[in-house]
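A.B. asks: this is a predicted model, with the sequence first.
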Amino acid sequence: MIRKCTADDFERIYEIINNAAQAYKGLIPVEYWKEPYMSRDELRGELDDDIEMWGYEEYGELVGVMGIQHRQNVTLIRHAYICTTKQHQGIGGKLLSHLGELTVEPILIATWSNAVRAVQFYEKHGFRLLSREEGDILQRKYWSSPETKINASVVLADERWFDFQT
């Protein structure tokens with residue numbers, strides 16, 4: 001079942017993010033790897049910045065989360081994480097599809113450039129990798145990332161983005 005997360009889900013969201021983020025260890029720039037990957041304060045800050053979290057629940061337990069954030073004329077997919085024991089079972093795809101149905105705006109996703117599995121996941125679900133130059137411009141416009149993080153990330157867009165550009 002997919003449902004909008006509530007304040008009661010905060011600790012479970014925190015656990016899922018930090019469990020799944022272990023995949024980034026050794027892949028992302030060392031200055032961005034820490035344990036926990038996302039602190040409770042960072043998560044609160046993200047939620048306070050109007051990121052709406054959605055979760056995939058199995059047998060009453062939240063096992064995956066994905067955020068959606070509306071910015072100007074686009075929608076950003078933020079913080080997509082599935083418990084390591086539940087990955088490769090279609091949960092991420094179901095969440096991504098559900099969130100895509102919640103907006104008519106073009107969808108953009110930023111992820112670590114070295115997170116090849118994440119990039120491949122989004123491409124499998126119809127997103128296209130943007131050029132380095134365009135991705136950097138979009139990250140500066142829609143995200144609040146420092147330059148070092150922008151340089152280590154890529155941006156993918158759905159078909160609506162390309163329709164929006166014409």
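C.D. replies: Received the coordinates, thanks.
A.B. asks: quick check, I91 in contact with V65.
C.D. replies: No - contact criterion Cβ atoms under 8 Å: I91 and V65 do not qualify, at 9.9 Å. C-betas here are computed from N, CA, C, even on glycine.
A.B. asks: more neighbours: the two, which one.
C.D. replies: For I91 versus V65, neighbours defined as other Cβ atoms under 10 Å are more numerous around V65 (26 against 20).
A.B. asks: is that one in a bridge, and if so with what?
C.D. replies: Residues found in beta-bridge contact with V65 (criterion: DSSP bridges) are G55, Y81.
A.B. asks: over to S153?
C.D. replies: S153 has these beta-bridge partners by DSSP bridges: W112.
A.B. asks: chain center to the helix or strand of the chain with the lowest mean pLDDT, what's the gap?
C.D. replies: None of the helices or strands of the chain scores lower by mean pLDDT, DSSP states H and E than helix 159-165, at a mean of 88. Chain-centre distance of helix 159-165: 20 Å, with Cα atoms, centre = their mean, to the nearest Å.
A.B. asks: give me the buried stretch members for that helix, please.
C.D. replies: Neighbour-count burial for helix 159-165, with 16 or more other Cβ atoms under 10 Å as criterion, is recorded at 160-161.
A.B. asks: spit out the residues that contact I91 and V65 alike.
C.D. replies: With contacts defined as Cβ atoms under 8 Å, 6 or more residues apart in numbering, the residues adjacent to both I91 and V65 are Y56.
A.B. asks: please, which helix or strand holds L99?
C.D. replies: Using DSSP states H and E, L99 sits in helix 91-101.
A.B. asks: quick one: buried residues of that helix?
C.D. replies: For helix 91-101, the buried set under the neighbour-count rule, 16+ other Cβ under 10 Å, comprises 91-92, 95-96, 99-100.
A.B. asks: how about TSV for the residues you listed, with pLDDT and distance to P146 added?
C.D. replies: Shown next, in TSV, are the buried residues of helix 91-101 (pLDDT from 0 to 100; distance: Cβ to Cβ, whole Å):
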residue	pLDDT	distance to P146
I91	98	31
G92	97	27
L95	98	27
L96	98	26
L99	98	26
G100	97	28
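A.B. asks: show me where this protein has helices.
C.D. replies: Across the chain, reading from the start of the chain, the helices by DSSP state H fall at 10-20, 40-48, 91-101, 116-124, 132-142, 147-151, 159-165.
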